[in-house]
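Asks: I'll drop the sequence and a predicted model, then ask my questions.
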Amino acid sequence: MIPLFIKFGIFDVLDILIVAFIFYQIYRLVKGTAAINIFAGIFIFYLAWLLVRAFNMELISSILGQFIGMGVIALLIVFQQEVRRFLLLIGSKYNLQNIFNLESLFAKPAIKEDVSEAIVQSCEYFSMTKTGALIVFAQNTELFNYAQTGVILRAKVTADLIENIFFKNTPLHDGAVIIAENKILAARCILPVSDKTDLPGSMGLRHRAALGLSAVSDALIVVVSEETGNITFVKDGSYKVRVSPEELRTFLHKDFTGFIVN
Ligand SMILES: Nc1ncnc2c1ncn2[C@@H]1O[C@H](COP(=O)(O)OP(=O)(O)OP(=O)(O)O)[C@@H](O)[C@H]1O
C-alpha cells in the first residue's frame, strides 16, 4: 500500500485558491497589453536558463543565473505600471470599508429612475446627432481624484444639462462627465487611458479612457462615438458595442442580461 505522506488541509486549499485568484487578476490586467509579450520573453529566458543548466553549460548558465537572481526586482521595474494598477484594483474593489459595510454589500448605490432616463434620452440624442460623449457612473470605488481633474459641478442630472455639456465646442464638452450619488459630480474629467493592444482600430482615446478607468474601478461607463454614433457600455474592463437605448436602460439598472463581452 502506498503510504499517505502528503498532508493536504483546508489551508492548502485556501493557499491554492488565493494564488489562483492573484494570477487571474494579473492575467486580466495584462491580457491584450504589451505586458503579455514581456511575460512570453521572460518565460523563454527562463526556459533557456533551465536548458543550459541541464546541459551543464557552466559559463552561460552562471551569466543567465545572475539575471534570474535579480528576478523579483527586475519584474517590479519592468511591470511598474501593472503592479500599480493591480494594487489600485485590489485597494478599490476589495477595500475593507466595502467588505465590512453591510449596506454596500446588499445595496450598491442604485441609479435613480429619473437619472437613468435622462442619460438614456441624452445618449439617444448623441447617437442620432453623432455627438461624442463619455459618461461615468461611480459605484463603490471613490472617483474624486478623477473628478478633480475637471470642473466640479454637483448638479442635478437632467437630459438638457448633459446635452449642453457635450455640445460641440462648449467649454465642458471635452473629457468625461462623472455621476456620483445621482448627481453630476464633475465634467471635463481626464481618465486613465488603457494601453491594450488588441482593441479595434475604431476605438480611439475616448473608448480607451473608458476602458482605462474600468480596469481600475467598478464604475459603469457609457461612451457615444462621435464617428459612428454607436453607444458602447463598459464595465469591469469589458465592453459591449452598439448598445440600444433599451439595453442601456437595463444595464444602468444593473441588469446585465445580454451583456456579452465583445
Ligand atoms: N484621457 C481622457 N480622459 C477623458 N476623455 C478623453 C481622454 N482622452 C480623450 N478623451 C476624449 O476623447 C476625445 C477624442 O476622442 P477620439 O476621437 O480619439 O476617440 P474615439 O474613441 O475614436 O471616439 P470617437 O468614436 O468619438 O471618435 C477627446 O476630444 C476627449 O474629449
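Replies: Cool, the structure landed.
Asks: all helices of the stretch 1-150 of the chain, in order?
Replies: 10-30, 35-54, 58-69, 71-78, 80-93, 96-100, 102-106, 113-129, 144-147 (DSSP state H, counting those that start in this stretch).
Asks: what score does the residue in the chain that the ligand sits nearest to have for pLDDT?
Replies: Minimum separation of the chain from the ligand (Cβ to the nearest ligand atom) falls at residue 204, amounting to 2.3 Å. In short, each C-beta sits where N, CA and C put it, glycine included. With respect to pLDDT, residue 204 scores 90.
Asks: mean pLDDT for the helices of the stretch 1-150 of the chain: which is lowest?
Replies: Minimum mean pLDDT among the helices of the stretch 1-150 of the chain: helix 102-106, a mean of 49.
Asks: neighbours around residue 183, how many?
Replies: For residue 183, the neighbour count with other Cβ atoms under 10 Å is 14.
Asks: contact partners for it?
Replies: Residues in contact with residue 183 (Cβ atoms under 8 Å, 6 or more residues apart in numbering) are 154, 155, 156, 157.
Asks: out of the residues you listed, which is most surrounded?
Replies: Using other Cβ under 10 Å as the neighbour test, the contacts of residue 183 are led by residue 157, with 21 neighbours.
Asks: would you mind listing what in this protein touches the ligand?
Replies: 132, 134, 174-176, 190-191, 193, 203-207, 209, 225-227 (Cβ under 6 Å from any ligand atom).
Asks: select only the buried ones of the residues you listed in PyMOL?
Replies: A single PyMOL command is used to select the members of the residues of the chain next to the ligand judged buried by 16 or more other Cβ atoms under 10 Å:
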select buried, resi 132+134+174+175+176+191+203+206+207+209+225+226
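Asks: from the residues of the chain next to the ligand, which ones fall inside helices?
Replies: Among these, the members found in helices (DSSP state H) are 205, 206, 207, 209.
Asks: one step back: most packed of the helices of the stretch 1-150 of the chain?
Replies: Of all those, helix 113-129 carries the top mean neighbour count, a mean of 19, counting by mean count of other Cβ atoms under 10 Å.
Asks: that helix packs against which elements?
Replies: strand 133-137, helix 159-165, strand 220-224, strand 231-235, helix 245-252 (3 or more Cβ pairs under 8 Å, 6 or more residues apart in numbering; DSSP states H and E).
Asks: of the helices of the stretch 1-150 of the chain, which is nearest residue 241?
Replies: Counting by Cβ to Cβ, residue 241 lies closest to helix 113-129 out of those; the figure is 12.1 Å.
Asks: now the closest one against strand 133-137, angle please.
Replies: If you take axes from the mean of the first three to the mean of the last three Cα atoms, to 10 degrees, helix 113-129 sits at 160 degrees to strand 133-137.
Asks: neighbouring contacts of helix 113-129?
Replies: Here helix 113-129 has contacts from 131-133, 135, 157-159, 162-163, 166, 179, 182, 222, 224, 229-231, 245, 248-249, 252-253, using Cβ under 8 Å, 6+ apart.
Asks: rerun that using 6 Å as the cut-off
Replies: The contact list for helix 113-129 (Cβ atoms under 6 Å, 6 or more residues apart in numbering) reads 133, 157-159, 162-163, 182, 224, 229, 231, 245, 248-249, 252.
Asks: likewise stretch 47-66?
Replies: Contact partners of stretch 47-66, identified using Cβ under 6 Å, 6+ apart, comprise residue 68.
Asks: again, but for stretch 243-261
Replies: By Cβ under 6 Å, 6+ apart, stretch 243-261 touches 111, 116, 120, 124, 231, 233, 238, 240.
Asks: coming back round to it: restricted to strands, list the contacts of residue 183.
Replies: In strands, judged by DSSP state E, the following of those are found: 154, 155, 156.
Asks: ok, the residue nearest to residue 209 when sequence neighbours are not counted - contacts?
Replies: Residue nearest to residue 209 in three dimensions, not counting chain neighbours: residue 191, with 4.0 Å by Cβ to Cβ, 6 or more residues apart in numbering. Residues in contact with residue 191 (Cβ under 6 Å, 6+ apart) are 176, 209, 212, 213.
Asks: sweet, I'm off.
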